[in-house]
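1. Provided below are the primary sequence and the corresponding predicted coordinates.
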Amino acid sequence: MTNESRDPIESLFKEDRLFPPPPAFNHNGGMSEDLYQQLIREADQDYEGFWARLARSEIDWLTPFTRTLNETKAPHYRWFEDGTLNVSANCLDRHIARSGDKAAIVFEGEPGDTRTISYSELLTEVCRFANALLAQGIKQGDRVVIYMPMVPEAVIAMQACARIGAIHSVVFGGFSSESLKGRIEDAEAVAVVTADGGHRGGRIIGLKAICDKVLDDCPSVRTVFVLRRAGNPISWREGRDVWWHDAVAGMSPHCQAATVSAEHPLFLLYTSGSTGRPKGIQHASAGYLLGAILTMRWVFDIREDDVYWCTADVGWITGHSYVAYGPLACGATMVMYEGAPTTPDAGRFWQICERHRVRIFYTAPTAIRALKKQGDEYPRRYNLDRLRLLGTVGEPINPEAWMWYHEVIGQKRCPIVDTWWQTETGAHMIAPIPGITATKPGSCTKALPGILADVVDSEGRSITKPQEGGYLVIRRPWPFMLRTIWGDPARYQETYWGRFQNRYYVSGDGARRDADGYFWVMGRVDDVLKVSGHRLGTMEIESVLVAHPLVAEAAVVGRPDEITGEAICAFIVTRGPRPSASEQARVTETLRQWIAEQIGAIAKPAEIRYADNLPKTRSGKIMRRLLRAVASGTTVEEDVSTLENPDIIKQLQGDAGR
Ligand code: PRX
């Protein structure tokens, strides 16, 4: 399982369509061309002063900070460190006097049930659950795992943790019990918040039952809060399990927001990297909040009367910054939807947009491609005239999908903000300012004010030649960056700063800039895949595969896929003889099921191929580039003469066992 990194690929397509800001679009979120230029100049002239000024104006501090950036322990940067605040108070309490009755969350369940929660009601619910956490002995700094469907209580639980200074770690509901266990163990979580089940794709996903498979082996967990959502039967462990409704019954609707330091960890979010073990990305309180607020204003142009909808699940960073924190901190009204985009049919997103009068809509390219494929008749059934801004995130968007989004959904009226960022960056980094930046299909355009993005060569030199690919890096620390990897500062340093001797933050993406200085992100240069926008590590999948008794060796690569962006292709050497053609289907099903159990259904390979050996160099490295070519059916251009056994290429090419 040794590996070689992917070189930043020279991008082949050349997209030169330019879409000037639609004249009808007024950026009322406070941005103008002049202000934008001024922000860029300000950040350039006085970097720390720029962030300090914004942090003072956007955040309600309990104790104002006096130090902006502490670089003494670089790359463990600290921002605003002597200030104190509470993130939940910044999201809720500060709106109550003026907009307590305003809708904070407009929820729609997959079965069609709806619920509107005002800011005052949300604050009450958050306080009651925060008191329930306290009543169970959960303290500031304790870790709480949240494993929930996309229902308002997921946000309430996150906000309640923030309120008492507990550190949440949300685990996406699509991850398996084993993944959940790994995350609970790594964070030594004292409590889990879950639900009996959630609705997804017309089925009930029994989240509590998934928890039950592993919780007996997680001694750190003292309490399991269970929300009744789907009403499915569940099993129960007295003394550990508590119904959410019982836990909050009789709890006071008031809960003093804890005072925490600016650097207090707000949350951990586990994400896949290029090794077998997911890493707990740790974000701080104040800097993270600042990023979420500023980008809601700059990139989403959020206004008082907007209805905003980000379709991301709270299990991902997008569901943190742009569901659980950013919109609330800005006092916005947001839609939250529990289910699948195609339930009952491919019109569901557009129906929700019409029904709840959505004005700002943010989703992933994979969803756009999947819905585009279903045909224009679905969006045409609904009135989408209220939409005024569209966004995408998670992977490069291909120009065809961009054009469909622009023409059919945005009716050529709505700017599209293609936002590049990562779990680690906390908030948007490279993105257009709607109404100001002209857009190009497939480009995330330019770095936001204060973000010093660059493309560098393997020596770390800035690449100025247009269209030349290199490593996408950030030249200076920014307030909403990750602080460390939970429990593993050395891995943090090595992963993000090691490549160029601590000079830059290394994103792991390859990118190029065009003659206008626009960024074009070309995908990962490491062993991370983006499947339906979900981030998966090839090494992680490989280590699960080789743990199965049938498998001797495994290599996992991505291949392009029209809908999911990338699809997982696994190459397997079994123990004993290679399975015959008739046996392959059975082995494949066994292994796919194994991966679903160990990681989650999102990591199931689309294809598994079998060979007697894997192609390796004489030094024993798996030739991944060659495997990628085999997986995507392109010509193998590698020199295979050095292979131990050149015949296996034919075996791999000819022997696709789906
Ligand atoms: O490869 C980039 C891709 O998604 C990666 C980050 O994944 P994750 O941490 O799961 O966060 C996704 C949501 C922020 C990046 O390294 N990516 C994200 N946004 C874009 C993108 N690639 C191209 N264009 C984007 N707009």
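-> Ah, there it is.
2. how about the helices in the stretch 201-350 of the chain?
-> Counting by DSSP state H, counting those that start in this stretch, the stretch 201-350 of the chain has helices at residues 207-215, 244-248, 286-298, 317-319, 326-329, 348-355.
3. doesn't D454 lie inside a helix?
-> No - going by DSSP: H, G, I helix; E, B strand; the rest coil, the assignment for D454 is strand, not a helix.
4. ok, how many other residues are close to it?
-> 20 (other CB atoms under 10 Å). Bear in mind the C-beta positions are built from the backbone N, C-alpha and C, glycine included.
5. report the separation between it and W497.
-> Distance, D454 to W497, using CB to CB, to the nearest Å: 15 Å.
6. coming back round to it: okay, the helices of the stretch 201-350 of the chain in a markdown table with mean neighbour count, mean pLDDT and distance to V636 next?
-> As requested, the helices of the stretch 201-350 of the chain are exported to a markdown table (neighbours: other CB atoms under 10 Å; pLDDT from 0 to 100; distance: least, CB to CB, whole Å):
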| stretch | mean neighbour count | mean pLDDT | distance to V636 |
| --- | --- | --- | --- |
| helix 207-215 | 21 | 98 | 41 |
| helix 244-248 | 18 | 98 | 55 |
| helix 286-298 | 26 | 98 | 43 |
| helix 317-319 | 24 | 98 | 36 |
| helix 326-329 | 28 | 98 | 46 |
| helix 348-355 | 20 | 98 | 40 |
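7. including distance to the ligand, could the ones you listed go into TSV?
-> TSV is the format used below for the helices of the stretch 201-350 of the chain (distance: least, CB to the nearest ligand atom, whole Å):
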stretch	distance to the ligand
helix 207-215	21
helix 244-248	28
helix 286-298	11
helix 317-319	5
helix 326-329	13
helix 348-355	18
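8. so which of those gets nearest A547?
-> Closest to A547 of these is helix 207-215 (CB to CB; 16.0 Å).
9. tell me the contacts of L269?
-> By CB atoms under 8 Å, 6 or more residues apart in numbering, the residues touching L269 are 169-170, 280-281, 283, 316-317, 320, 423.
10. please parse this structure into its domains.
-> 33-510, 528-654 (automatic domain parsing).
11. residues from the stretch 451-600 of the chain in reach of the ligand?
-> Residues of the stretch 451-600 of the chain found near the ligand (CB under 6 Å from any ligand atom) are 507-509, 521, 523-524, 530, 535.
12. coming back round to it: biggest separation within the contacts of L269, which pair?
-> Between all members of those, the farthest pair (by CB to CB) comes out as G280 and W316, at 14.5 Å.
13. picking up where we left off before, distance to E15 added to the domains of the chain, as TSV?
-> Below are those laid out as TSV (distance: least, CB to CB, whole Å):
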stretch	distance to E15
domain 33-510	5
domain 528-654	17
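14. go through the ones you listed and name the closest to F19.
-> Short answer: domain 33-510, nearest of these by CB to CB, at 4.8 Å.
15. just the endpoints, please. Distance across that closest one?
-> 29 Å (CA to CA, to the nearest Å).
16. can you list the low-confidence ranges for this protein?
-> Counting by pLDDT under 70, the chain has low-confidence residues at 1-14, 655-658.
17. name the residues of it found near the ligand, please.
-> So the chain meets the ligand at 271, 317-318, 393-396, 418-423, 444, 507-509, 521, 523-524, 530, 535 (CB under 6 Å from any ligand atom).
18. now tabulate the helices of the stretch 201-350 of the chain in CSV and tack on distance to T124.
-> Output for the helices of the stretch 201-350 of the chain, formatted as CSV (distance: least, CB to CB, whole Å):
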stretch, distance to T124
helix 207-215, 25
helix 244-248, 10
helix 286-298, 22
helix 317-319, 23
helix 326-329, 14
helix 348-355, 26
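19. so which residue of the stretch 251-400 of the chain comes closest to the ligand?
-> P396 (4.0 Å; CB to the nearest ligand atom).
20. tell me where the stretch 451-600 of the chain has strands.
-> In the stretch 451-600 of the chain, the segments counted as strands under DSSP state E, counting those that start in this stretch are 453-456, 470-474, 484-485, 505-513, 519-524, 528-531, 534-537, 551-561, 565-574.
21. Serialize those to JSON lines and add fields for distance to K440.
-> Below are the strands of the stretch 451-600 of the chain laid out as JSON lines (distance: least, CB to CB, whole Å):
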{"stretch": "strand 453-456", "distance to K440": "16"}
{"stretch": "strand 470-474", "distance to K440": "17"}
{"stretch": "strand 484-485", "distance to K440": "35"}
{"stretch": "strand 505-513", "distance to K440": "12"}
{"stretch": "strand 519-524", "distance to K440": "8"}
{"stretch": "strand 528-531", "distance to K440": "21"}
{"stretch": "strand 534-537", "distance to K440": "25"}
{"stretch": "strand 551-561", "distance to K440": "21"}
{"stretch": "strand 565-574", "distance to K440": "19"}
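22. how about the ones you listed, which one is nearest V544?
-> So among the strands of the stretch 451-600 of the chain, strand 551-561 is nearest, using CB to CB, at 8.6 Å.
23. now the closest one, how far from the chain's geometric center?
-> Its chain's C-alpha centre and that of strand 551-561 lie 23 Å apart, by CA atoms, centre = their mean, to the nearest Å.
24. packing partners for it?
-> When contacts are defined as 3 or more CB pairs under 8 Å, 6 or more residues apart in numbering; DSSP states H and E, strand 551-561 packs onto strand 528-531, helix 538-546, strand 565-574, helix 624-632.
25. would you list the ones you listed in JSON lines and tack on mean neighbour count?
-> Putting those into JSON lines (neighbours: other CB atoms under 10 Å) gives the following:
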{"stretch": "strand 528-531", "mean neighbour count": "22"}
{"stretch": "helix 538-546", "mean neighbour count": "22"}
{"stretch": "strand 565-574", "mean neighbour count": "24"}
{"stretch": "helix 624-632", "mean neighbour count": "21"}
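26. D60 is nearest to which of these?
-> With CB to CB as the criterion, D60 lies closest to strand 528-531 of the helices and strands packed on strand 551-561, at 36.5 Å.
27. what comes into contact with that closest one?
-> Residues outside strand 528-531 that contact it (CB under 8 Å, 6+ apart): 272-274, 394-395, 508, 523-524, 535-538, 556, 558, 561, 564-568, 602-603.
28. same question, stretch 31-47
-> For stretch 31-47, the external contacting residues (CB under 8 Å, 6+ apart) are 49-51, 53, 297-298, 301, 433, 435-436, 449-450, 476.
29. buried residues of that stretch, list them for me.
-> 31, 35-36, 39-40, 42-43, 47 (16 or more other CB atoms under 10 Å).
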